[in-house]
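Undergrad: Sequence and predicted model, in that order:
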2 protein chains.
Amino acid sequence: MKAEIITIGDELLIGQIINTNQAYIAEQLNSVGISCDRMTTVGDDAAVIVDAFTEAYNRVDVVCVTGGLGPTHDDITKKKVCDFFKKDLVIHEETLAHIQALAQKRNIAMIQSNIDQALVPKDCTVIPNANGTAPGMLFEQNNKYFFVLPGVPFEMKDMIDTWIIPFLKKKNDGSVVLHKTMKTTGIGESMLAHEIGSIENIIGTDGTTTLAFLPNPLGTKLRITVKDNTIESARVKIQHAEQTLRSKVEKYIYSDDEKDLEDVIGVLLKEHNYTLSTAESCTGGLIANRITNVSGSSEYFLGGFVVYHNHLKSRELGVPEKLIADHGAVSQEVAEAMAHGARLSAKSDIALSTTGIAGPTGGTPEKPVGICWIGYSDSDSTFATKFNFGDNRLRFKERASQAALELLRRKLLKMQ
Amino acid sequence: MKAEIITIGDELLIGQIINTNQAYIAEQLNSVGISCDRMTTVGDDAAVIVDAFTEAYNRVDVVCVTGGLGPTHDDITKKKVCDFFKKDLVIHEETLAHIQALAQKRNIAMIQSNIDQALVPKDCTVIPNANGTAPGMLFEQNNKYFFVLPGVPFEMKDMIDTWIIPFLKKKNDGSVVLHKTMKTTGIGESMLAHEIGSIENIIGTDGTTTLAFLPNPLGTKLRITVKDNTIESARVKIQHAEQTLRSKVEKYIYSDDEKDLEDVIGVLLKEHNYTLSTAESCTGGLIANRITNVSGSSEYFLGGFVVYHNHLKSRELGVPEKLIADHGAVSQEVAEAMAHGARLSAKSDIALSTTGIAGPTGGTPEKPVGICWIGYSDSDSTFATKFNFGDNRLRFKERASQAALELLRRKLLKMQ
């Protein structure tokens, strides 16, 4: 079965609200093997709404509409659904009783607009709304399913989870969609594609498998999707694609379950029973912040130093003033001394350091904006590696923090 | 002028990614008086993409397409644009030079897919991409404007802001939409609405002005919108609404130009010629990270201590071990000692500190998850204030960092 999602509301069209509903519905439909072909967002405009209904209904088997079911003058969805299916509105007694019970519980007097909420198009199936007053509706004819739901996210989500997904699971004809996502970092999208080489070896030629490259400032996600007739056959294809990808680019893959790099290094540090500290200049606390976003990070993260001013690099980390004077604060020597000093000061097993020029100003011909040294120290070795993360300050900090965590991951896994 | 937005990508249709691009573009178009009538999301599917192009192009004056311009096999937007406008791809020399320069700067070898990024449909206007390799495109014919942009948000946003909006502003006819946003913090949405009182006094009754409350974890934005015939008349209405709002809730408003609190305190610290340091436990570096997101923050931010482990609270900040043993690490006494100690260690004029329980575990009946002490110290006084920021770890950290920066703002402005 194929689906389309229609979200209704002026607040979406002026960009006031980000449309999270359509992503939620799409994800749930996919989970029962119903692919979503198109999402459409329109305003509270009668003609456009009916056009959108007509187009979607002609194209697919399942249409999910959300929004515009509220009690105020600008909520016109229910009226347009009546026009579309040529039905009159009738009072739905169970819904009216539910609304009266809600009003009583909240100690609110019933007014006409509350009663109007219990009106539904004749002959539709009513989908109860456990969390609000606007009922959902289902129109079922010619093996097509047209759902209408309120736009309030927690009301809509509950109706999707408890009613619509179980209903559609029964109706769907057995086709299955499986996804597998792997997160990579430390390599650009083009070079990753280059190292992966022929896509055909990974996805085969029967058209059931696709591979997507999804880049962002922290790396590139690889997503394998299989649409197949049985779950067993889909799993075999996912596995084949994953193994082939791993054989090509294993070392860049840090997660295959949507986990972030800070989660991954947390698990590794706990496994090794290692403690960590950080000494950050150009990343300004971002690495410590990411590490401490993980619940339980206090087990392995002892603390960090944000040494923006040079006197703190010397005072807190013992970086010799002469080293800074001789090589500059942004140098391999200082990055190494920072990591070494943080490890000793915090009494941690491992320390990471960063020193660089996040920009947009402050660069020189020898040390341009974007330059960054990342240092690492443990009891066996101390070293620093040079990077360039570009001239956008926030992007620079994100990329530098990611590179530092990735350097730690590879050390912990004894990878090159 | 009327617009439609088309976003392309399978990741949107499976609900893996929430579509923030379309809201951003809609908001910017609205800001120059171009209303968005419809948003459509389709997958990386050739036939559906061309259908969506055709429908939108027939309906409106401005079409904005994003996504699917990357260098890998699943990026087919550029090819479909060529089909739609019946154009061949040609190398755009300036783009090629830009890509070569980027590759050189990042020390990456050029491969064929990099060169292919410089291919654009013949006769289109190329929109430069300052932050990436995929150029934007404009097709202009019969007073219709068809834009094609990459889907990577920061690349797309920069092209919208610096090129497309100035371009469309010149082309658009007459009617004016003005927005004014004020950011508040330190007060909940309901209480803010209560203190503001009657909306009619602010927006009048002629229907040209609206006021929106936009809550998020860091506070509530108040957005005034005026749709009017002339810019002068719209400005008068915006001013009236702003002044009336300020007369009611001035002290909660920290920004009226979309600036973040870290920008605002940066300006204040520079004005006073004060330096700052931080001592963070539960916020784990987030405050330092936010402060150093501001370009030029090295002028006033000396550095920070992320003291997750208690021995670092004592070693780096001189918090007496007995104080921690007597009162616990999460206490008024320790928060004050941390702020005081950070100020002395860093030799800064002012220091902020945080100690609390970010959760989701680690609470006790007397000190539940969510509790947070925020400390402040300058040469005149040292004190700490108690908050509760709830049991969602990331939300806790965001809210605590915001409260600490707001406490500093009010101290710098000598507000209660």
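TA: Done, it's in.

Undergrad: Stretch A:304-311: which residues count as buried?
TA: A:304-310 (16 or more other C-beta atoms under 10 Å in any protein chain shown). Quick note: C-beta positions are derived from backbone N, CA and C, even for glycine.

Undergrad: now do stretch A:283-297
TA: Within stretch A:283-297, the residues scored as buried using 16+ other C-beta under 10 Å are A:283-294, A:297.

Undergrad: Need the residues that contact stretch A:170-181.
TA: Stretch A:170-181 is contacted from outside by A:1, A:30, A:32-35, A:145, A:221-231, A:234-235, A:238, A:241-242, A:256, A:258, B:14, B:16, using C-beta atoms under 8 Å, 6 or more residues apart in numbering or on different chains.

Undergrad: mind listing what A:K221 touches?
TA: Here A:K221 is in contact with A:181-184, A:212-215 (C-beta under 8 Å, 6+ apart).

Undergrad: Select from those every entry located in strands.
TA: Using DSSP state E, the subset of those located in strands is A:181-184, A:212-215.

Undergrad: how about the residues of the stretch 151-300 of chain A that lie near chain B?
TA: Counting by C-beta under 8 Å from any C-beta of the partner chain, the residues of the stretch 151-300 of chain A close to chain B are A:177, A:179, A:181, A:188-191, A:193-194, A:199, A:210-217, A:223, A:225, A:278, A:280, A:283-289, A:291-293, A:295-298.

Undergrad: ok so, going back, closest one of the buried residues of stretch A:304-311 to B:I99?
TA: A:Y308 (34.4 Å; C-beta to C-beta).

Undergrad: what's the nearest residue to that closest one once chain neighbours are set aside in contact with, if anything?
TA: Among residues not flanking A:Y308 along the chain, B:G303 sits closest, at 4.7 Å (C-beta to C-beta, 6 or more residues apart in numbering or on different chains). Contacts for B:G303 (C-beta under 8 Å, 6+ apart) come out as A:305-309, A:312, A:316, B:277-278, B:288, B:346.

Undergrad: out of these, which one sits closest to B:T66?
TA: Looking across the contacts of B:G303 and measuring by C-beta to C-beta, the closest to B:T66 is B:A288, at 34.2 Å.

Undergrad: Not counting sequence-adjacent ones, nearest residue to that closest one?
TA: A:G285 (3.1 Å).

Undergrad: Contact partners for the one you found?
TA: Residues near A:G285 by C-beta under 8 Å, 6+ apart: A:304, A:306, B:278, B:280, B:285-289, B:291-292, B:304, B:306.

Undergrad: Give me the subset of these lying in helices.
TA: B:286-289, B:291 (DSSP state H).

Undergrad: burial of A:A109, as a residue count?
TA: Neighbourhood size, A:A109 [other C-beta atoms under 10 Å in any protein chain shown]: 7.

Undergrad: I'd say A:T382 and A:A339 touch.
TA: Yes: in this structure, A:T382 is within contact of A:A339 by C-beta atoms under 8 Å, at 5.9 Å.

Undergrad: With neighbour numbers in mind, choose between these two.
TA: Neighbour totals were compared for A:T382 and A:A339, and A:A339 leads with 28 against 19 (other C-beta under 10 Å).

Undergrad: How about the contacts made by the more buried one?
TA: Neighbouring residues of A:A339 by C-beta under 8 Å, 6+ apart: A:279, A:351-353, A:375-377, A:382, A:384.
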